[in-house]
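[1] How does the following fold in three dimensions:
(chains A and B)
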There are 2 protein chains.
Amino acid sequence: MEKTLTPGSPSLTRDDVDRAVRVLAGRLRRTPVVRCEALDALAGARLWLKAENLQRGGSFKVRGALLAVERLAAAGSRGVLAQSTGNHAIAVALAAAGHRLPTVVVLPSDAAPAKVRRIRQAGAEAVLAGTTVAERVAVVEELRERYGYDVVDPYQNPHVVAGQGSATAELLHQVTAQGGRLDAVVVPIGGGSAVAGACLAAAGEDVAVVGAEPENVPAFTAALRAGGPVTVPARHTIADGLRPDRIGALPFALAHAAVSTVLTVGEDAIAEALRHTLLQARLVVEPAAATAVAAAVAYASTHRVTDVGVLLSGGNVEPDLVAAVLADRPETAVRPSGCDGAPAA
Amino acid sequence: MEKTLTPGSPSLTRDDVDRAVRVLAGRLRRTPVVRCEALDALAGARLWLKAENLQRGGSFKVRGALLAVERLAAAGSRGVLAQSTGNHAIAVALAAAGHRLPTVVVLPSDAAPAKVRRIRQAGAEAVLAGTTVAERVAVVEELRERYGYDVVDPYQNPHVVAGQGSATAELLHQVTAQGGRLDAVVVPIGGGSAVAGACLAAAGEDVAVVGAEPENVPAFTAALRAGGPVTVPARHTIADGLRPDRIGALPFALAHAAVSTVLTVGEDAIAEALRHTLLQARLVVEPAAATAVAAAVAYASTHRVTDVGVLLSGGNVEPDLVAAVLADRPETAVRPSGCDGAPAA
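    Numbering: from 1, shown residues only, chains lettered A, B, ... in the order given. Presented below is the predicted three-dimensional model:
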């Protein structure tokens, strides 16, 4: 009998992730695990890069969205709503299009234009509102009352979290199949679904789960200190996907004890890791993924590890940002793209 | 008993490529075949991108170099020499380093700086000389007489050609394993080893081999018209890897009858395909690979095909070129990088 997953309950287990892997097999791309000697040399360890930038919709978020939207469609949903910094919205738009469900998504007013374009290409309506999670959630609530659509929460929906965990589960399988064994897996932290999913996927394995978040938006680090999710100041980061200023309650409940460590990464280090990933690993990733690369290099340099997995969470990056990073103009790269051009603090 | 391959003889067959696949298995990366809906939509067909930009050394050229250098090392070689626009030189440098053989390579005076850096990082000496194949070959000959090293010719060495063919053979296997069937495979043409290898790999299969070369350096097209290799004017192209101004005799002998068609691609179309491959397929490739993407889109648009393979030959690209293409400044992108900044014709 199928288990019912209740929002807000931390009763998710590795079984839910393993089930997600089975349900998604053949419906999504089995993205490759890429190796790169130059990055290995930087880290002093073998890095195994799970290239979810090559996933449908350009990020791992389509995993959870497919599972969650499928449930809603089966239950007779009239349409779906989501708030997101971008990738979850793209993923929900693609998943909903597969069921011909109307979709409205709420993004920050300074969302990455490339992400807004992809959402509209998928046929969804994008509403831009505020810069904090709370502002977006309030707009979603208004829209829910107006339209009667169902909300696909990026952090609180257990199908979403289980689905996101399938990326890490696949990575672990793929490394084993290639004769490797990971000491740790590094995942970026935005709202927390990736790190919660990774903790579920790694449960029972001897693999440390390492979270990576921008120094400028240390929502998980702050939650660990406070003993629960707190809102942090919404400072600018080039890692637009990691801008949620508060960890979701469900991800925090699942991950706070299971995560091995959470590293914060400065803006320059994110930009440098982005440059390395582009030029050495030859993959186009977004800064959220580069944040995980930077953290993996830092983690491997300070821990006795030989093999470290990295979730390259997505590749929906602004062309101008890549151009600035490659031209080695970090001052351009770290400038807020949608904030009147004022330089970041 | 092992077959002896004689330079200059077109007696290579698909067996030689199949043997190369077996010998190289486990020694090189089995690079992924990447799919991308946005490129499929452009082409009106499914494109299967063989991501040899993710190969060791950043291009498929390491395949042939490993096989050829191994033979020389086993025969007691004292050192190796090669001429190249860059990727063959990187590949030979890496292969020779594995046998601790001293290596000197000869590149065009305006070779891509990223390629020169990678050669020196691999421990080889890089000599920059002239801009034509003939000029580089003359310098190699001088060095051969001086040092007594062995030459690894990028076009005439049969082990090199068989090795390069293994990339196409792998692509055909991988597509079949995923339940697909290619109507055609598109490969870029520089000196001709990729297209010759592809013709060998596709022999006996119902797969059209399509060559792609820059409009500005149409060496294969000119050879087809002339009935044999001829030297074409060395005009500038951003596809630095496709600058050889003359097709090798062995590749031409192997490919001229077997190739289905050869398309020439303009500079703007190369830059546009590079931009699409970066932003849609999220792979960092060099313009030579983008030339094949552009040709694949053109071929699929004008032929009744549903599935087209594309050899993404390499990813050793200048950061500045990527930045210029992403910033949509093609006038910068197509300016010769090493020619006193004069704009291309």
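[2] In this structure A:H303 contacts A:V186, no?
    No. Applying CB atoms under 8 Å, one finds A:H303 not in contact with A:V186, separated by 11.1 Å. C-beta here means a position set from N, CA and C on the backbone, and glycine is covered the same way.
[3] show me where chain A has helices.
    Assigned helices in chain A, in chain order: A:14-24, A:37-43, A:61-74, A:87-98, A:113-121, A:133-147, A:158-177, A:193-202, A:219-226, A:249-255, A:267-279, A:287-302, A:319-326, A:330-333 (criterion: DSSP state H).
[4] neighbour count winner among A:H303 and A:V186?
    A:V186 (30 against 15; other CB atoms under 10 Å in any protein chain shown).
[5] Report the beta-bridge partners for the nearest residue to A:W48 once chain neighbours are set aside.
    Leaving aside its sequence neighbours, A:W48 sits nearest to A:G309 (CB to CB, 6 or more residues apart in numbering or on different chains; 4.7 Å). Per DSSP bridges, the residues bridged to A:G309 are A:W48, A:V185.
[6] and A:G309, how far is that from A:A208?
    Separation of A:G309 from A:A208 (CB to CB, to the nearest Å) stands at 10 Å.
[7] Then A:R304?
    According to CB to CB, A:R304 stands 11 Å off from A:A208.
[8] before we move on, the earlier item: the residue nearest to A:W48 and chain B: what is the separation?
    17 Å (CB to the nearest CB, to the nearest Å).
[9] For burial, what's the neighbour tally of that residue?
    Counted with other CB under 10 Å, residues neighbouring A:G309 total 29.
[10] With A:A74 instead?
    If you count neighbours by other CB under 10 Å, A:A74 ends up with 9.
[11] Pretty sure the residue nearest to A:W48 sits against A:L171.
    Yes. Contact criterion CB under 8 Å: A:G309 and A:L171 qualify, at 5.0 Å.
[12] show me where pLDDT drops low in chain A?
    Chain A contains residues with pLDDT under 70 at A:1-10, A:329-345.
[13] Flag every residue of it that's near chain B.
    Taking CB under 8 Å from any CB of the partner chain as the contact definition, chain A meets chain B at A:29, A:32, A:34-35, A:37, A:51, A:53-54, A:56, A:58, A:114, A:275, A:278-279, A:281-285, A:315, A:319-320, A:322-324, A:326-328.
[14] Return a ChimeraX selection command for the buried portion of those residues.
    Only the buried entries of these go into this ChimeraX selection, using 16 or more other CB atoms under 10 Å in any protein chain shown:
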select /A:29,32,34,35,51,53,54,56,58,114,275,278,279,281,282,283,284,285,315,319,320,322,323,324,326,327
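[15] Domain ranges for chain A, per the record?
    Annotated domains of chain A cover A:14-59+A:158-333, A:61-151 [automatic domain parsing].
[16] Tell me which of those sits most buried.
    Among these, judged by mean count of other CB atoms under 10 Å in any protein chain shown, the one packed with the most neighbours on average is domain A:14-59+A:158-333 (a mean of 23).
[17] The residue lying closest to A:A202 once chain neighbours are set aside bridge partners, please.
    Distances taken as CB to CB, 6+ apart place A:V209 nearest to A:A202, at 5.2 Å, with adjacent residues excluded. The partner list for A:V209 in beta bridges (DSSP bridges) reads A:V185.
[18] residues in contact with A:V209?
    A:V209 is in contact with A:184-185, A:187, A:195, A:198-199, A:202, A:255, A:258-260, counting by CB atoms under 8 Å, 6 or more residues apart in numbering or on different chains.
[19] Just the closest of these to chain B, please.
    Of all these, chain B sits closest to A:V187, with 18.7 Å by CB to the nearest CB.
[20] Surely the closest one touches A:L200?
    No. With contact defined as CB under 8 Å, A:V187 does not count as touching A:L200 (11.7 Å).
[21] Nearest to B:S109 among the helices of chain A would be which one?
    Smallest distance to B:S109 across those (CB to CB): 23.5 Å, for helix A:267-279.
[22] Contacts only, for A:L72.
    For A:L72, the contacting residues are A:80, A:101, A:150, A:152, by CB under 8 Å, 6+ apart.
[23] Neighbours of the last one, how many?
    Each residue near A:V152 was counted by other CB under 10 Å, and the total is 31.
[24] What distance do you get for it to A:A111?
    A:V152 sits 17 Å away from A:A111, going by CB to CB.
[25] ditto for the second one
    Counting by CB to CB, the gap between A:L101 and A:A111 amounts to 22 Å.
[26] Look up the closest residue to the residue of the stretch 1-150 of chain A found nearest chain B, ignoring the ones flanking it.
    For the stretch 1-150 of chain A, the residue closest to chain B is A:P32, as judged by CB to the nearest CB, at 3.7 Å. Leaving out its chain neighbours, the residue that sits closest to A:P32 by CB to CB, 6+ apart is B:P32, at 3.7 Å.
[27] quick one: contacts for the one you found?
    Contact analysis of B:P32 by CB under 8 Å, 6+ apart lists A:32, A:34, A:51, A:54, B:51, B:54.
[28] what's the answer for A:L39, then?
    With contacts defined as CB under 8 Å, 6+ apart, A:L39 is in contact with A:47, A:49, A:276-277, A:280-281, A:293, A:297.
[29] Put together JSON lines for those residues, with distance to A:T237 on each row.
    JSON lines is the format used below for the contacts of A:L39 (distance: CB to CB, whole Å):
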{"residue": "A:L47", "distance to A:T237": "23"}
{"residue": "A:L49", "distance to A:T237": "21"}
{"residue": "A:H276", "distance to A:T237": "18"}
{"residue": "A:T277", "distance to A:T237": "17"}
{"residue": "A:Q280", "distance to A:T237": "23"}
{"residue": "A:A281", "distance to A:T237": "22"}
{"residue": "A:V293", "distance to A:T237": "15"}
{"residue": "A:V297", "distance to A:T237": "18"}
